[in-house]
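Participant: Next come a sequence and a model predicted from it.
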Amino acid sequence: MNGFKDWDSDSSEQIHTRMNMLHHKAPMKEQLSTAIYRLKVQQNKLESASMRMQQHDKDIFAKCVSAQMSHDSARAAMYANECAEVRKIAKVMLQSQLALEQVSIRLETIEEFGDVARMMGPVAGVVRTIKSQISGVMPEVGFELNQIGDLLNNFVAEAGEPLGGSSYDVTTSNEESQRILVEAGTIAEQHFKEKFPDLPNGSAQRLGESGIAH
């Protein structure tokens, strides 16, 4: 049981609903397909932004190395500190991108099997968390994720799952939401180390805690 009366559009009730053009509402499965598409659009935006940030980091890193080789420690420190700031943003983007990728995969599973009541709640929680993390970096993505999150929350409500304002807070989200976020963060950390070389010793401020909370 998926908890939805109008999961597919082949029932007589759906046919009757379709005839009422003034009050037509798309079947839930159709709405879910739209949500998946919109999520993937945001993934692509984050991927493109991450690539630009990586190139920007490479340019600054090269200047930092050049300054060190010229024994210009002040300039090297300036470039290294800028690299540190770029990497804080890049890490948030990468973690968000990977978390949304996992969310899309989960939603595709829900779309295929219709197990909404059990699986949608954690997904909605992850989207809410990612929205809060990315809004300060890419407001347009945060705005779109907010709308997608509202749609997913409606799915949860219609499937009979209880909703509460605190249930999607980073510190109180359920175990499954946290598992998805931690897994995305672990993968992001590995990718981050591969994409961003260590800064020269003594020339950078330590990277602060800037990623998605685990």
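Facilitator: Thanks, I have the structure now.

Participant: switch to C-alpha atoms for all contacts and neighbour counts from now on
Facilitator: Noted.

Participant: Quick one: distance of stretch 71-79 to the chain centre.
Facilitator: Distance of stretch 71-79 from its chain centroid, counting by C-alpha atoms, centre = their mean, to the nearest Å, is 35 Å.

Participant: my bad, stretch 129-141
Facilitator: For stretch 129-141, the distance to the chain centre is 8 Å (C-alpha atoms, centre = their mean).

Participant: go on, stretch 188-199?
Facilitator: Its chain's C-alpha centre lies 19 Å from the corresponding centre of stretch 188-199 when counted by C-alpha atoms, centre = their mean.

Participant: Which positions within that stretch qualify as buried?
Facilitator: By neighbour count on 16 or more other C-alpha atoms under 10 Å, the buried set for stretch 188-199 is 188, 189, 192, 196, 199.

Participant: Look up how far residue 119 lies from residue 154.
Facilitator: Noted for residue 154: a distance of 14 Å to residue 119, by C-alpha to C-alpha, to the nearest Å.

Participant: Hmm, I typed the wrong one, I wanted residue 103.
Facilitator: In this structure, residue 103 and residue 119 are 10 Å apart, going by C-alpha to C-alpha.

Participant: Mind checking which of the two has more residues around it?
Facilitator: residue 103 (24 against 17; other C-alpha atoms under 10 Å).

Participant: and the more buried one, what element?
Facilitator: According to DSSP states H and E, residue 103 maps onto helix 73-113.

Participant: Per-residue confidence, residue 106, what does it come out as?
Facilitator: Per-residue pLDDT puts residue 106 at 87.

Participant: Also residue 15?
Facilitator: Taking residue 15 on its own, its pLDDT is 43.

Participant: quick one, phi psi at residue 198?
Facilitator: Note on residue 198: backbone dihedrals following degrees, to the nearest 10 are phi -60, psi 140.
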